[in-house]
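A.B. asks: just coords:
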RNA sequence: GGUGAGGUGGCUGAGUGGUCGAAAGCAGCGCUUUGCUAAAGCGCCGUACCCCAAAAGGGUACCCAGGGUUCGAAUCCCUGCCUCACCGCCA
């Protein structure tokens, strides 16, 4: 959520930054300002009435103590009370309307974000490793997985419909090995605190991390819409300290969490849906940082490096893509995607989005910290997956497929997997 | 699911209808005095929002949340949420 004071003070700046996203959101700024003006007017009038009532009520108390008549005063205060009732309702509605509007406005892109309309303007920042040199027929992950019985898409569909996966046997073991490998790496070498959070979260949490109100159609909800299946561990983990005031000395806080993720993927049928690339439920190890204003950008770089390290240790070729303004997520100020090479698809595959939200999420969560001067400031939130499992899995078995149909296991993973190959 | 107890400022903890935004203590900050790793005294010490061009200053709201009673609610009533304890059920 943007700061209403920033919008009041620099409306043109806010509009021009929003305009770079190309979503037309800048038109909402005038609406917000109009409602804000009305709201403040109502609030000021209301406060005057409250002050009057307070003063007169005390007079009544005093007069009664002296045995004086108070009927006239009481009638006056009663009348003020009626006005207060009406104005309170009006002010409340305006306040709610302002909040609704603010929740619909995306974050301002950071000035370093390349300007562009869509994904074609995204910029490759760097790449690591080389595409694997595969000899013989190159299979995609579906063919490999089916040949080696690593997962069963047909039977998973029998259970839950299309878009679900069941890992089986060595496939399940490999997935688990990847999860354990990542968690151990992030907690033991990168200093993250492991967390195993609830997967079901309240509506307020979904608002806090910007899934709601805009993207409700993509979320699974239960219990009469009051509980949601988390679409990413970002939701429970980032909200963990919501409505708290942290000490600056306790920041940054770094969390690593493995959870399943649940997404309806409404409207994405037919897009990138082959195999296990886009499913309704997938496992992911997520990284979340809560930082101060001063350190958030270096922490963002660091988080990205931590996620990249997984790919490096697994020997997977990847590239880092900086998203342009038009492709940036709703709440993000700046995002880089990590994309691994998919030999089977002969293209890159997103496995992680590393985003810095600056204050945007913290304002929604009311998550603050006390800085060195004792002032309360909003925490900066950063997250990125480290990484989405099915896609990482797909890239891995495609990259390490052997001419004889087996799959080699990277050295770092062997102790977790318990073997050096799958055949 | 049942029964009981309870939710007050960073913490402890007073406060049962009127000058209570809230005693006191602890913690924290500042000053003074004395001065060997400290003590004493004094002062300050919540958050949000609004008014004001801004500062100064002023105001309103907030004692879990939402309603209600009342001229007036931390205080009385109702509902909800949460915490704790015990019982029941259960992986």
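C.D. replies: Nice, thanks for sending it over. Bear in mind the structure is a predicted one, so any value in this text is a computation, not a measurement. Residues are numbered from 1 along each chain as shown, chains lettered A, B, ... in the order given.
A.B. asks: What residues does the stretch 251-400 of chain A have near RNA strand B?
C.D. replies: A:374, A:376 (CB under 7 Å from any atom of the strand). C-beta here means a position set from N, CA and C on the backbone, and glycine is covered the same way.
A.B. asks: Okay, strands next: where are they in the stretch 251-400 of chain A?
C.D. replies: A:253-262, A:281-291, A:318-322, A:334-342, A:347-358, A:368-370, A:376-378, A:380-388 (DSSP state E, counting those that start in this stretch).
A.B. asks: mind checking which of those is nearest residue A:137?
C.D. replies: Residue A:137 sits nearest to strand A:334-342 of all the strands of the stretch 251-400 of chain A, at 15.7 Å, using CB to CB.
A.B. asks: Give the rounded mean pLDDT of the closest one.
C.D. replies: What strand A:334-342 shows for mean pLDDT is 96.
A.B. asks: and the angle for that strand with strand A:318-322?
C.D. replies: Relative orientation of strand A:334-342 versus strand A:318-322 (axes from the mean of the first three to the mean of the last three CA atoms, to 10 degrees): 150 degrees.
A.B. asks: relative to strand A:347-358, how tilted is strand A:334-342?
C.D. replies: Counting by the same axes, to 10 degrees, strand A:334-342 lies at 160 degrees to strand A:347-358.
A.B. asks: So for strand A:334-342, what gets flagged as buried?
C.D. replies: Within strand A:334-342, the residues that count as buried by 16 or more other CB atoms under 10 Å are A:334, A:335, A:336, A:337, A:338, A:339, A:340, A:341, A:342.
A.B. asks: Contact residues of the stretch 1-150 of chain A facing RNA strand B?
C.D. replies: So far as CB under 7 Å from any atom of the strand goes, the stretch 1-150 of chain A lies against RNA strand B at A:4, A:40, A:43-44, A:46-48, A:50-51, A:53-58, A:60-62, A:64, A:74, A:77-78, A:81.
A.B. asks: and these, which are buried?
C.D. replies: Neighbour-count burial (16+ other CB under 10 Å) is assigned, among these, to A:4, A:43, A:46, A:53, A:56, A:60, A:77.
A.B. asks: Could you list every helix and strand in contact with the helix or strand containing residue A:17?
C.D. replies: Element membership for residue A:17 (DSSP states H and E) is helix A:11-19. Counting contacts by 3 or more CB pairs under 8 Å, 6 or more residues apart in numbering; DSSP states H and E, helix A:11-19 packs against helix A:27-65.
A.B. asks: what about the strands in the stretch 101-250 of chain A?
C.D. replies: A:123-128, A:193-195, A:200-202, A:221-222, A:227-229, A:245-247.
A.B. asks: and the ones you listed, which is most packed in?
C.D. replies: strand A:227-229 (a mean of 19; mean count of other CB atoms under 10 Å).
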